[in-house]
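Q: Quick one, fold the following:
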Amino acid sequence: AYTDYIENVLPNDEYIGGMVREKLVYYPTVTREPYKNNGRLTELIRCGKLFLDLHQPHPNLDDDRFMICGSPSMIKELVSMLKSKGFTEARNVKPGHFVIERAFVES
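A: Alright, predicted model coming up:
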């Protein structure tokens, strides 16, 4: 739903366009219908296909940070994967490697 905006509008934004062009990695994927990228995000990470497709190294503690949003089950699975690799959740007073968008997270 946001592909055109992310790929065509944001890179040309007068304020953040430079950062978007240099830093944003956008990898849309679906699980049910045919598309250029298919699969659950957690499985694409687990098997390494995400990084292979993006020509990127696997995430490391020194360089990578995550903003996680999605269904409660996906968040739980992804957080578990990240923690098993040594990544830590950021809190208000404690820096970490990932933050969770909690608008839709079940307590």
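Q: what ranges do the helices span in the protein?
A: For the chain, the helices defined by DSSP state H occupy 3-4, 17-23, 41-47, 49-54, 72-84.
Q: Can you redo these as TSV, where the extra columns are distance to residue 95?
A: Yep, even glycine has a C-beta here, placed from its N, CA and C like the rest. Shown next, in TSV, are those (distance: least, C-beta to C-beta, whole Å):
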stretch	distance to residue 95
helix 3-4	32
helix 17-23	19
helix 41-47	22
helix 49-54	24
helix 72-84	15
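Q: May I see the ones you listed organised as CSV, with mean pLDDT added?
A: Shown next, in CSV, are the helices of the chain (pLDDT from 0 to 100):
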stretch, mean pLDDT
helix 3-4, 92
helix 17-23, 95
helix 41-47, 95
helix 49-54, 96
helix 72-84, 95
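Q: can those go into JSON lines with extra columns for distance to residue 10 and mean neighbour count?
A: What follows is the helices of the chain, written out as JSON lines (distance: least, C-beta to C-beta, whole Å; neighbours: other C-beta atoms under 10 Å):
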{"stretch": "helix 3-4", "distance to residue 10": "10", "mean neighbour count": "8"}
{"stretch": "helix 17-23", "distance to residue 10": "5", "mean neighbour count": "12"}
{"stretch": "helix 41-47", "distance to residue 10": "21", "mean neighbour count": "16"}
{"stretch": "helix 49-54", "distance to residue 10": "18", "mean neighbour count": "14"}
{"stretch": "helix 72-84", "distance to residue 10": "24", "mean neighbour count": "14"}
